Structures are given as structure tokens and as C-alpha cells.
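Trainee: Generate coordinates for the sequence data below:
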Amino acid sequence: MSNLGIIDYVIIGTGKDHYPLEESMFKKLKDKGIKVDVIPTFEACSTFNVCNEDGLNICAFLIPGNL
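Mentor: This next block holds a predicted model:
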């Protein structure tokens with residue numbers, strides 16, 4: 001478990017389908033040791049819940065799954 005307020009992992013849910021985003025968008029986060037995943041929203045929600053249960057400091061940006 002990490003220190004309070006420090007994000008370990010950012011998940012971006014891209015809706016119904018996977019839409020890859022440019023790696024350069026996440027360079028600053030990855031340089032600080034923050035893991036970033038871009039996946040369909042359904043998977044993002046499941047991953048978020050598992051990581052939250054494991055005590056990770058996690059942040060999610062989610063586009064509705066029906067889009």
C-alpha cells in the first residue's frame with residue numbers, strides 16, 4: 001500500500017471498444033513511476049475494483065461503456 005495521496009495507477013476506460021492513445025500523453029506520469037493503462041471501460045471498472053481492494057491508490061477516467 002502506498003502513501004496517502006500518491007497515485008500508483010491510472011486507468012482510462014475508452015468506452016465499448018479499445019482506442020489506443022499516444023504513449024507521449026503519459027510520459028510525465030510514467031516518468032514518476034505511475035502505471036497507466038488504456039482499456040475498454042468494462043475492463044477498466046473491473047480492474048479498478050480489484051486494485052482498490054488490493055489497496056492501490058488508483059485513479060480512473062471512464063467513458064460510458066455504451067459509447
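
Trainee: And the longest helix along the chain, what's buried?
Mentor: When the chain is parsed with DSSP state H, its longest helix is helix 41-53. Of the residues in helix 41-53, T41, A44, C45, T47, F48, C51 count as buried by neighbour count, 16 or more other Cβ atoms under 10 Å. To be clear about C-beta, it is placed using only N, CA and C from the backbone, and glycine gets the same treatment.

Trainee: what's the offset of it from the middle of its chain?
Mentor: Offset of helix 41-53 from its chain centre (Cα atoms, centre = their mean, to the nearest Å): 9 Å.

Trainee: Distance to F61 for the buried residues of helix 41-53 - can I get that in CSV?
Mentor: Shown next, in CSV, are those (distance: Cβ to Cβ, whole Å):
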residue, distance to F61
T41, 10
A44, 9
C45, 12
T47, 13
F48, 10
C51, 14
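
Trainee: Closest to K35 out of the residues you listed?
Mentor: Using Cβ to Cβ, C51 comes nearest to K35 of the buried residues of helix 41-53, at 9.6 Å.

Trainee: Can you read off the pLDDT for that closest one?
Mentor: Note for C51: predicted pLDDT of 95.

Trainee: If we ignore the residues flanking it in sequence, what's nearest it?
Mentor: Spatial nearest neighbour of C51, excluding adjacent residues (Cβ to Cβ, 6 or more residues apart in numbering): I58 at 4.7 Å.

Trainee: quick one: low-confidence ranges for this structure?
Mentor: Within the chain, the ranges that satisfy pLDDT under 70 run 1-5.

Trainee: mind listing the strands for it?
Mentor: 9-14, 35-39, 58-63 (DSSP state E).

Trainee: mind listing what the first one pairs with, with the direction of each?
Mentor: Paired neighbours of strand 9-14 in the sheet (DSSP bridges): strand 35-39 (parallel), strand 58-63 (parallel).
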